[in-house]
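Undergrad: Need the 3D shape of this:
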Amino acid sequence: MIEETIDGLGRRAIKTNTHERSKKLNREHNQEKRSLEHRNQKIGDEKNEQLAIGSTHRSSIEAREP
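TA: Residues are numbered from 1 along each chain as shown. Next comes the predicted model:
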């Protein structure tokens, strides 16, 4: 949407919705970023849990060896 306005100096200026469009794109980008961060955090937590389980398993095997 383009509106024709008169600025404070009496000149005609073109006012667009660029700012609104930019805010919307930033909002969408930030939402995608949060989603990816959440997904990566979840994957990291799962890997850490698997490592901890593996470490505990190795420790118990080593403890049983003479």
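Undergrad: show me where pLDDT drops low in this protein?
TA: 1-17, 55-66 (pLDDT under 70).
Undergrad: At which residues are the strands of it located?
TA: Ranges of strands in the chain, per DSSP state E, are 2-6, 12-16.
Undergrad: where exactly do the helices run in this protein?
TA: Secondary structure of the chain, counting by DSSP state H: helices at 18-64.
Undergrad: can you tell me how far residue 31 sits from residue 24?
TA: 11 Å (CB to CB, to the nearest Å). Where you see a C-beta, it was placed from the backbone N, CA and C, and this is true even at glycine.
Undergrad: One more: residue 30?
TA: 11 Å.
Undergrad: now do residue 48
TA: 36 Å.
Undergrad: Ok, residue 40 next?
TA: In this view, residue 40 and residue 24 are 25 Å apart by CB to CB.
Undergrad: try residue 18
TA: 11 Å.
Undergrad: now residue 44
TA: 30 Å.
Undergrad: before we move on, what about residue 52?
TA: 42 Å.
Undergrad: now do residue 38
TA: Residue 38 sits 21 Å away from residue 24, going by CB to CB.
Undergrad: Next up, the contacts around residue 51.
TA: Contact analysis of residue 51 by CB atoms under 8 Å, 6 or more residues apart in numbering lists nothing.
Undergrad: Can we start the residue count at 492 from this point?
TA: That works, and once the first residue is 492, the last one we named lands at residue 542.
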